[in-house]
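Q: Build me a model:
(3 chains)
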Amino acid sequence: MTREELFLAVGAGLAVLGAARLLLTRDLLTRVLALNVASGGVLMILVALALRGGGPDGPDPVLHALVLTGIVITVSVTGFAIGLVRRIEGDLTEGGRR
Amino acid sequence: MSAAPVTILDALLVGGLLAAAGLTLFVPRRSTAVVMFLVFGVLLAIAWTRLGAPDVALAEAAIGAGVTSALLIDAVYERSRRPERATGHHRQVLAVVGAVLAAVLAVGLALVLVDIGPFTSPGPGAADLVADRLDESGVSHPVTAVLLNFRSYDTLLEIAVLLVAVLAALALQPDATLRGVPAPTRTPDLLGLLVRVLAPVLVVVAGWLLVAGSVAPGGAFQAGAVLAGGLLLMRLGGWPGAVPASDLLRPTLAVGLTGFLTLAYLTAALGAGWLDLGAAWAGEAILALEALLTVSIAMTLAALFVANQDPPTPPVGVSSPERTR
Amino acid sequence: MILTVVTVILAVAGCFFFAAGTVGLLRFPDLHSRLHAVTKADNLGLGLVLAALALQADSPATALKLGLIWALALLASATSSHLLASGAGDQGGGR
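A: Take a look at the predicted model:
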C-alpha cells in the first residue's frame, strides 16, 4: 500500500464519518464539528489525488488551489453557523427572548 | 513523485486523525470535543505536509487549527455540556442503521478511490498543463498561478462567498455592525505584553507570506489568516479598534472583492478579456490584488469571530448602550 | 558523526521531557500543577528538539529561525498558562 492509497482510504473514512454524524445528531454544535470533519476528509481525498495525478514538478497545483479555496469557504461557513447556533441556543436556554 | 511507501509516521498520523475525529464527534462534553477538533486540525496540517502540499498545510495551520478553533472555543466557553435529549427507541434503530450504512459507504468509497490506480504520465490532472504555461502567469509558484491567474474565476467567487458569509453573520447583530459587541474591559498585563511583542511579528509574517506567494508556498489566504490572528490578539489584548466596529469595517471587508471586480472590468475593457492577464504585467497585478485580498480576508475572519462573541446579542430594535453616534 | 550523536541525544532528551510533561498533564490532580508540568517540561522538550534540529540545519539562518520559534513559543505558553491559572483563580478554586 502506498501513502496515497492510505490517505485516500482515510479521507473516504473521515468524509463518511463526518457526513453520517452530521445527519444523525441533533446537537447543533456537533453538526458544525461533523461538517468540518467531513470537509477535512474530502480535502484529504483531493490532496491525495493531487499527489497521484502530479507531474514531474510536483503534485497537481489545480487540486491544491481547490483545497485552499475549500478551507477558506469552510471557515466562513463555520463562522456563520456558530453564530446561528449561539443565537438559537441562547434563545432556547436563557429564559426566552430578551 | 508517486508510490511513496507507508511509513510508521504515516500510520501514527492516520491513527491519530481517526481517533481525534472519533472523539470530536462522539464525546459528550462540548469543550472536550472542541479541543479534540483542534488536535484534528493540527494533525491535518501535518498530513498535508506529508502529502506534499505545503500551501495547504500553512492555510490549515492558520485557518483550520487557528481561526476555526478560536471560533469554536469561544462558542463553548459558557455552555460546556451538550443538551441531553431523550433517545427514543426509533432513534437508536436509526443510529444503528446509519452506522451500518456509513460503514458500507466508507469501505466502498475507499475501495473505489484506491482502485483508480496510479495515473499514467502525462496524467489526467492538469499538472503538466500548468507547468507548461507557468511562464505566462506572472508568478513562478504554480498554486498561486492557478489561484490568481489560470482559475481566478474560482477565487473571485470564493471571495464573494466570504463576503456573503460575513455579511450574514453581521446581519445577526442588532444594527448589522459590531457596535453591539462590548470590547474586552479588563486586559491582563501579561497579555498586553504578549500583544506588543507578537502583533508586529504577525504583521511581518503576513507580509512575508503575501510576497513569498509569488515564488514559494504562501499567498493571500495564508497571509490573511495570520493577519486575522494578529487583529484578534490585538482586540483581546487592549486594542479594541483593531477590528473596527462599523465605519471602517464594511469598506475593509469589501475591498478584496471590489479590487477583484475592478481588475476584471479593466482586463475586459483594455485587455484580452475577463481576468485575462497579460504576461508583461501579470506579476504586479497579482501581487496588488493579493494585497487587497489579504486585508479583506483578515478582516472577514476577525469580524466573524467578533460577531460571535458573548454575550448573545439583544434582538433587533433594542439599542445597546455603546451606541453613542 | 559526533554531530549526529549529539543530535540524537538532544532529540531523545526532548522527547523524554515532552513525555514527562504529558504524564504530568494526565496524572496531576488540579489545574495549577498540571499547568506547571506542561509548561515547564514541554518548553524544555521543545527547546531540546529544536536544538537538535538546529544542529542539522543547512544554514545558520535556519538555526536562527528555529531559535526564534522557541522564543515565541516560550512567550505564548507563558502568557497562556498565566491567563489560565489566573482565570481559574478568579473563579475561586483550583479546578
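Q: I'd like to know which helix or strand in chain A has the lowest mean pLDDT.
A: Sorting the helices and strands of chain A by mean pLDDT, DSSP states H and E puts helix A:61-93 at the bottom, at a mean of 86.
Q: wouldn't A:Gly40 be in contact with B:Val42 here?
A: No: between A:Gly40 and B:Val42 there is no contact under Cβ atoms under 8 Å: 11.7 Å. Heads up, the C-betas are built off the backbone N, CA and C, glycines and all.
Q: Please report the distance of the residue of chain C found nearest chain B from chain A.
A: Nearest to chain B in chain C, going by Cβ to the nearest Cβ, is C:Thr79, at a distance of 4.3 Å. C:Thr79 sits 25 Å away from chain A, going by Cβ to the nearest Cβ, to the nearest Å.
Q: Give me the mean pLDDT for the helix or strand hosting that residue.
A: For C:Thr79, the host element (DSSP states H and E) is helix C:60-90. Here helix C:60-90 scores 86 as its mean pLDDT.
Q: For stretch C:23-43, list every residue counted as buried.
A: Neighbour counts using 16 or more other Cβ atoms under 10 Å in any protein chain shown place C:24, C:31-32, C:34-35, C:37-43 of stretch C:23-43 among the buried residues.
Q: ok, now stretch B:257-270?
A: In stretch B:257-270, counting by 16+ other Cβ under 10 Å, buried: B:257, B:259-260, B:263-264, B:267.
Q: Okay, buried residues for the least confident helix or strand of chain A please.
A: A:61-83, A:85-86, A:89-90.
Q: which strands and helices sit next to it?
A: helix A:28-52, helix B:54-59, helix B:68-76, helix B:127-133, helix B:142-145, helix B:152-171, helix B:220-236, helix B:282-307 (3 or more Cβ pairs under 8 Å, 6 or more residues apart in numbering or on different chains; DSSP states H and E).
Q: Mean neighbour count and mean pLDDT for those helices - can I get that in TSV?
A: Converted to TSV, the helices and strands packed on helix A:61-93 look like this (neighbours: other Cβ atoms under 10 Å in any protein chain shown; pLDDT from 0 to 100):
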stretch	mean neighbour count	mean pLDDT
helix A:28-52	24	92
helix B:54-59	25	91
helix B:68-76	21	84
helix B:127-133	18	80
helix B:142-145	27	88
helix B:152-171	19	92
helix B:220-236	26	90
helix B:282-307	23	91
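Q: closest one to chain C among the ones you listed?
A: helix B:220-236 (10.0 Å).
Q: hmm, the helix or strand that that closest one is followed by touching chain A?
A: Sequence-wise, the next helix or strand beyond helix B:220-236 is helix B:249-270, with elements assigned using DSSP H and E. No: taking Cβ under 8 Å from any Cβ of the partner chain as the criterion, helix B:249-270 and chain A are apart, separated by no less than 11.5 Å.
Q: could you check the angle helix B:220-236 makes with helix B:249-270?
A: In terms of direction (axes from the mean of the first three to the mean of the last three Cα atoms, to 10 degrees), helix B:249-270 departs from helix B:220-236 by 160 degrees.
Q: check contacts around B:Leu304.
A: A:75-76, A:79-80, A:83, B:67, B:71, B:165-166, B:169 (Cβ atoms under 8 Å, 6 or more residues apart in numbering or on different chains).
Q: contacts for stretch B:208-220?
A: Contacts of stretch B:208-220 (Cβ under 8 Å, 6+ apart): A:68, B:54-55, B:58, B:139-141, B:143-144, B:147-148, B:222-223, B:226, B:283, B:286-287, B:289-291, B:293-294, B:297.
Q: ok, and the helix or strand in chain B with the lowest average confidence?
A: Min over SSEs of chain B, mean pLDDT, DSSP H and E: helix B:127-133 (a mean of 80).
Q: what's the closest of the buried residues of stretch B:257-270 to C:Lys65?
A: B:Gly259 (32.3 Å; Cβ to Cβ).
Q: just checking, that closest one touches B:Glu290?
A: No: B:Gly259 is beyond contact range of B:Glu290, at 9.6 Å (criterion: Cβ under 8 Å).
Q: so how far is C:Leu72 from the most centrally placed residue in chain A?
A: Nearest residue to the geometric centre of chain A (Cα atoms, centre = their mean): A:Ser39, 1.7 Å. As judged by Cβ to Cβ, to the nearest Å, A:Ser39 and C:Leu72 stand 29 Å apart.
Q: now B:Leu287
A: 27 Å.
Q: Likewise for A:Arg87?
A: From A:Arg87 to C:Leu72 the distance is 36 Å (Cβ to Cβ).
Q: Also C:Val23?
A: For C:Val23 relative to C:Leu72 (Cβ to Cβ), the value is 26 Å.
Q: still on that earlier bit, and chain A, is the least confident helix or strand of chain B touching that?
A: Yes: residues of helix B:127-133 are located near chain A by Cβ under 8 Å from any Cβ, namely B:127-128, B:130-131.
Q: ok so, going back, any chance of the helices and strands packed on helix A:61-93 in JSON lines, plus distance to C:Gly14?
A: Below are the helices and strands packed on helix A:61-93 laid out as JSON lines (distance: least, Cβ to Cβ, whole Å):
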{"stretch": "helix A:28-52", "distance to C:Gly14": "29"}
{"stretch": "helix B:54-59", "distance to C:Gly14": "22"}
{"stretch": "helix B:68-76", "distance to C:Gly14": "25"}
{"stretch": "helix B:127-133", "distance to C:Gly14": "38"}
{"stretch": "helix B:142-145", "distance to C:Gly14": "33"}
{"stretch": "helix B:152-171", "distance to C:Gly14": "40"}
{"stretch": "helix B:220-236", "distance to C:Gly14": "26"}
{"stretch": "helix B:282-307", "distance to C:Gly14": "33"}
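Q: closest to C:Leu84 out of these?
A: helix B:68-76 (12.2 Å).
Q: which residues sit against that closest one?
A: Residues contacting helix B:68-76 (Cβ under 8 Å, 6+ apart): A:29, A:32-33, A:36, A:74-75, A:78-79, A:82, A:85-86, B:30-31, B:33-35, B:37-38, B:41, B:232, B:304-305, B:308-310.
Q: Tell me what angle it forms with helix B:220-236.
A: Using the same axes, to 10 degrees: helix B:68-76 against helix B:220-236 is 40 degrees.
Q: Using CSV, list the CA coordinates for helix B:68-76.
A: The C-alpha coordinates for helix B:68-76 follow below in CSV (Å, rounded to 0.1, in the frame of the first residue of the first chain):
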residue,chain,number,x,y,z
THR,B,68,-11.8,27.8,13.5
SER,B,69,-10.7,26.7,16.9
ALA,B,70,-10.9,30.2,18.3
LEU,B,71,-14.5,30.4,17.0
LEU,B,72,-15.4,27.1,18.5
ILE,B,73,-13.6,27.5,21.8
ASP,B,74,-15.3,30.9,22.3
ALA,B,75,-18.7,29.2,21.5
VAL,B,76,-18.4,26.5,24.2
